[in-house]
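> sequence and computational prediction follow.
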Protein chains: 2
Amino acid sequence: MVLHSLGDEYFMKEALKEARKAFEKDEVPVGAVIVCNETIIARAHNLTETLNDATAHAEMQALTAASNYLGAKYLKDCTLYVTVEPCNMCAGASYWTQISRIVYGARDEKRGFAKTGNSLLHPKTSVSKGFLEPECSGLMEEFFRSKRK
Amino acid sequence: MVLHSLGDEYFMKEALKEARKAFEKDEVPVGAVIVCNETIIARAHNLTETLNDATAHAEMQALTAASNYLGAKYLKDCTLYVTVEPCNMCAGASYWTQISRIVYGARDEKRGFAKTGNSLLHPKTSVSKGFLEPECSGLMEEFFRSKRK
């Protein structure tokens, strides 16, 4: 059994709001928030097309914004909520921040870090997966369905 | 036998100049340049301490700057020269850019991507390793020796 804090649902819904902003910009709909002491300190959504930058994933922007907010390189006692399983780059980025926890929604079997293994994460980082998965993966499916039309 | 283009030494020396800028700022001395058509289109050095951002590796900045310069997400026909073996995050970032080639100097046995495996790189990316390794690793050793004093 995986225990979730009372706020997990609330914060993942905030990440979903970010994902919908990406969707509206015709970006792959991934959203993220970073929470410290029950407060959202960073929020971001995928902007790879808008910025013409393949590294502008929601997580990368959120990690940088959270460090900027805290004035600290390490995201101790912080949780990253992200609507889709992070890729290798974003998992590798989370390693450097030593973030305490990652909660993600939809699995990404092709590009998700789990395929490579948990060795990408920092030993201090715990992971909760599949949180609000139907909503998170539903948004992705809707996006890719609209692309195939 | 690994064949290097005539410019490899020149461009790695430019990356080393970037690494020395990092050293002077008391940053772990890693430098990078990205080259397209024999022209440097991006240059960067590690700024994790200066920016209080654990993701501000030389390679990440260079990849974003190169995409910005080209106005393109994909770094086709580009080479990343970096003085130290990229970490998992930076290898994962290079994947998304589909960069044609990575040339690196010093090996990083603890944090380098090679430990995780070439699966982090895009199939279109070729790698030349150990280029100007003595200079690149010498700078790293000098930095960490100065820290232990």
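Great, that's in hand. Everything numeric here is computed off the predicted structure, so don't read it as measured data.
> what parts of chain A come near chain B?
Within chain A, the residues that sit near chain B (C-beta under 8 Å from any C-beta of the partner chain) are A:48-49, A:52-56, A:60, A:63-64, A:67-68, A:71-74, A:87-93, A:95-98, A:116-117, A:119-120. C-beta coordinates here come from the backbone N, C-alpha and C atoms, glycine included.
> and the most centrally placed residue in chain A, what is it in contact with?
Taking C-alpha atoms, centre = their mean, the centroid of chain A lies closest to A:Val82, which sits 2.4 Å from it. Shown in contact with A:Val82 (C-beta atoms under 8 Å, 6 or more residues apart in numbering or on different chains): A:15, A:30-32, A:58-59, A:62, A:90, A:102-105.
> any chance of these in TSV with distance to B:Glu109 and neighbour count as columns?
Converted to TSV, those look like this (distance: C-beta to C-beta, whole Å; neighbours: other C-beta atoms under 10 Å in any protein chain shown):
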residue	distance to B:Glu109	neighbour count
A:Ala15	36	32
A:Val30	33	33
A:Gly31	36	30
A:Ala32	32	31
A:Ala58	32	31
A:Glu59	27	27
A:Ala62	30	29
A:Cys90	24	32
A:Ile102	26	24
A:Val103	32	25
A:Tyr104	30	30
A:Gly105	35	28
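> okay, and which of those map to helices?
Those of the contacts of A:Val82 mapping onto helices are A:15, A:58-59, A:62, A:90, per DSSP state H.
> just to revisit the earlier point, any quick ChimeraX command for the buried ones out of the residues of chain A next to chain B?
Applying 16 or more other C-beta atoms under 10 Å in any protein chain shown to the residues of chain A next to chain B, the buried members can be selected in ChimeraX as follows:
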select /A:48,52,53,54,55,56,60,63,64,67,73,74,87,88,89,90,91,92,93,95,96,97,98,116,120
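> now, the residues of chain A next to chain B that are in helices?
Per DSSP H, these map to helices at A:60, A:63-64, A:67-68, A:88-93, A:95-97.
> which one of the residues you listed sits closest to B:Phe23?
A:Trp96 (19.6 Å; C-beta to C-beta).
> for the nearest residue to that closest one once chain neighbours are set aside, phi and psi?
Leaving aside its sequence neighbours, A:Trp96 sits nearest to B:Ala54 (C-beta to C-beta, 6 or more residues apart in numbering or on different chains; 3.7 Å). For B:Ala54, the backbone dihedrals (degrees, to the nearest 10) come out as phi -60, psi -10.
> measure B:Ala54 to A:Asn68 for me?
Using C-beta to C-beta, to the nearest Å, B:Ala54 is found at 11 Å from A:Asn68.
> burial check on A:Ala65, number of neighbours?
18 (other C-beta atoms under 10 Å in any protein chain shown).
> what sits against the residue nearest to A:Trp96?
A:63, A:67, A:73-74, A:93, A:96-98, B:48.
> same list, those, but as a markdown table with pLDDT and distance to B:Ile41 please.
Converted to a markdown table, those look like this (pLDDT from 0 to 100; distance: C-beta to C-beta, whole Å):
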| residue | pLDDT | distance to B:Ile41 |
| --- | --- | --- |
| A:Leu63 | 98 | 26 |
| A:Ser67 | 97 | 27 |
| A:Lys73 | 95 | 28 |
| A:Tyr74 | 97 | 32 |
| A:Ala93 | 98 | 23 |
| A:Trp96 | 98 | 26 |
| A:Thr97 | 98 | 29 |
| A:Gln98 | 98 | 33 |
| B:Thr48 | 98 | 23 |
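> reformat those as CSV; add distance to A:Glu9.
Shown next, in CSV, are those (distance: C-beta to C-beta, whole Å):
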residue, distance to A:Glu9
A:Leu63, 22
A:Ser67, 26
A:Lys73, 30
A:Tyr74, 27
A:Ala93, 25
A:Trp96, 28
A:Thr97, 24
A:Gln98, 25
B:Thr48, 34
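> quick one: end-to-end distance for stretch A:106-119.
Chord length of stretch A:106-119, first to last residue, is 20 Å (C-alpha to C-alpha, to the nearest Å).
> and the helix or strand harbouring A:Ser146, which residues are buried?
Using DSSP states H and E, A:Ser146 sits in helix A:133-148. For helix A:133-148, a neighbour-count test (16+ other C-beta under 10 Å) marks A:133, A:136-137, A:139-140, A:143 as buried.
> correct me, but A:Pro29 touches A:Phe143?
Yes - using C-beta atoms under 8 Å, A:Pro29 makes contact with A:Phe143 at a distance of 5.1 Å.
> which residues are in contact with each of these two?
Between them, A:Pro29 and A:Phe143 share these contacting residues under C-beta under 8 Å, 6+ apart: A:Phe23.
> nice, that's everything, thank you.
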